[in-house]
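>>> Predicted model follows, preceded by the sequence.
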Amino acid sequence: MTTNNIPTRVKLIDVGPRDGLQNEKQPVPAAVKIELVHRLQAAGLKEIEVTSYVSPKWVPQMADNHEVMAGMTRQPGVRYSVLTPNMKGFEAALLDQPDEVVVFGAASEAFSQKNINCSIAESIERFAPVVQAALAAGIAVRGAMSCTVGCPYEGEVAPERVTMLARLMKGIGVQRVDVADTIGVGTPLKVQRAIEATLPHFDIDHICGHFHDTYGQALSNTYAALQMGVWNFQSSVAGLGGCPYAKGATGNVSTEDVVYLLQGLDIDTGIDLDALVDAGAFISSALGRKPNSRVATALLNKRVG
Ligand SMILES: CC(C)(COP(=O)([O-])OP(=O)([O-])OC[C@H]1O[C@@H](n2cnc3c(N)ncnc32)[C@H](O)[C@@H]1OP(=O)([O-])[O-])[C@@H](O)C(=O)NCCC(=O)NCCSC(=O)C[C@@](C)(O)CC(=O)[O-]
């Protein structure tokens with residue numbers, strides 16, 4: 001299954017402002033989120049997942065979506081994406097002019113119910129008009145596929161479930177998908193199986209790897225995906241994150257760790273690692289903790305000698 005298709009260029013989507021901060025217990029001021037976006041783009045990130053337009057009763061941390069989107073200064077060439085689970089979310093997002101909207105489904109029925117309060121089939125019915133309206137408005141559409149390896153409620157998820165979800169996403173016009181290991185239980189082989197299960201419906205250029213690091217496998221999983229030719233990955237500065245509906249799951253793989261891995265493979269990301277470490281230190285300090293990144297920790301220690 002593994003090949004040596006390792007790409008020479010990789011695009012990283014930092015999901016820290018959205019996936020990273022959605023689960024924080026303490027309120028994070030919009031001004032801090034805006035500053036984080038500014039620091040990420042200054043570090044060279046060309047795609048940033050900024051916020052979500054979901055129910056504030058379900059995810060209070062994202063209730064300031066409009067304030068954040070309206071308050072940030074956009075940099076040309078950077079794509080700003082937001083999550084929109086239904087038309088209500090899309091209509092609110094449209095006012096803030098995102099470059100890309102993300103519909104988010106799951107390969108597990110139980111997770112779909114817990115996360116967005118509907119079955120997989122119902123979720124696709126809700127996403128279809130969102131995709132149609134977004135494309136008509138010239139906005140790109142990504143589909144996040146949660147639980148492609150394991151589910152916090154159902155356990156192991158079979159690759160056939162991933163193929164089914166990818167087929168449904170493709171059927172409604174989603175342009176690219178995230179293969180997400182929501183709870184970070186994946187291993188290289190399992191992640192490769194999930195990617196392979198997506199390939200009948202999306203080619204490798206339209207698949208993003210989205211790995212959480214709960215079991216410490218996220219970098220290995222990134223490498224395994226690279227070996228299959230995947231060149232789009234999501235990660236979170238300072239390893240922020242976790243899904244409110246995936247108890248016990250830790251944050252995304254840290255962007256700093258992924259950049260270091262890629263630099264070591266001579267893969268170009270266009271990201272300034274030092275500036276990225278500063279962005280991670282900034283948000284970690286605002287949250288009152290240390291960055292959850294081995295690379296950031298090492299580089300920060302090196303700076304103080
Ligand atoms: C999807 C819903 C809204 C359905 O929630 P629902 O309760 O089934 O929705 P409803 O249509 O019955 O409406 C109920 C209330 O919600 C309001 N409402 C309805 N829609 C919206 C909206 N878009 N924005 C704001 N408000 C909304 C609606 O107006 C109404 O308000 P009320 O009349 O009671 O005052 C809800 O379940 C929800 O917001 N869930 C949040 C899910 C979420 O954000 N999860 C975390 C992101 S997913 C993730 O992190 C995984 C990912 C992507 O990173 C990849 C991975 O690692 O797996």
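Now that the structure is in, tell me what you want to look at. Numbers count the residues shown, from 1 in each chain.
>>> From here on, just use CA atoms for contacts and neighbour counts.
OK.
>>> Kindly state the pLDDT recorded for G248?
Note for G248: predicted pLDDT of 72.
>>> In contact with it: list those residues for me.
By CA atoms under 8 Å, 6 or more residues apart in numbering, G248 lies in contact with I183.
>>> and it, that's in a strand?
No: applying DSSP: H, G, I helix; E, B strand; the rest coil, one finds G248 to be coil, outside a strand.
>>> do you know how far it is from the ligand?
For G248, the distance to the ligand (CA to the nearest ligand atom, to the nearest Å) stands at 13 Å.
>>> T73 - how many residues pack around it?
A count of nearby residues for T73, using other CA atoms under 10 Å, gives 13.
>>> What sits closest to it if chain neighbours are left out?
Nearest residue to T73, sequence neighbours excluded (CA to CA, 6 or more residues apart in numbering): H38, at 7.3 Å.
>>> Next secondary structure after the host helix or strand of the one you found?
Assigned by DSSP states H and E, H38 belongs to helix 30-42. Counting by DSSP H and E, the next helix or strand C-terminal to helix 30-42 is strand 47-52.
>>> What segments of this protein are helices?
Here the chain has its helices, by DSSP state H, at 30-42, 65-71, 87-94, 109-116, 120-136, 159-171, 188-198, 218-227, 255-264, 273-287, 294-304.
>>> Need those in TSV (columns: mean neighbour count and mean pLDDT).
Shown next, in TSV, are those (neighbours: other CA atoms under 10 Å; pLDDT from 0 to 100):
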stretch	mean neighbour count	mean pLDDT
helix 30-42	20	98
helix 65-71	18	98
helix 87-94	18	98
helix 109-116	19	97
helix 120-136	18	98
helix 159-171	20	98
helix 188-198	23	98
helix 218-227	23	98
helix 255-264	21	98
helix 273-287	20	97
helix 294-304	14	96
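>>> Of the ones you listed, which is nearest I207?
Nearest of these to I207, taken as CA to CA: helix 188-198 at 7.8 Å.
>>> got the contact list for that closest one?
With CA under 8 Å, 6+ apart, helix 188-198 has contacts from 1-2, 148-149, 159-160, 162-163, 166, 179, 181, 207, 217, 220-225, 228.
>>> relative orientation of that helix and helix 218-227 in degrees?
Here helix 188-198 points in a direction 40 degrees away from that of helix 218-227 (axes from the mean of the first three to the mean of the last three CA atoms, to 10 degrees).
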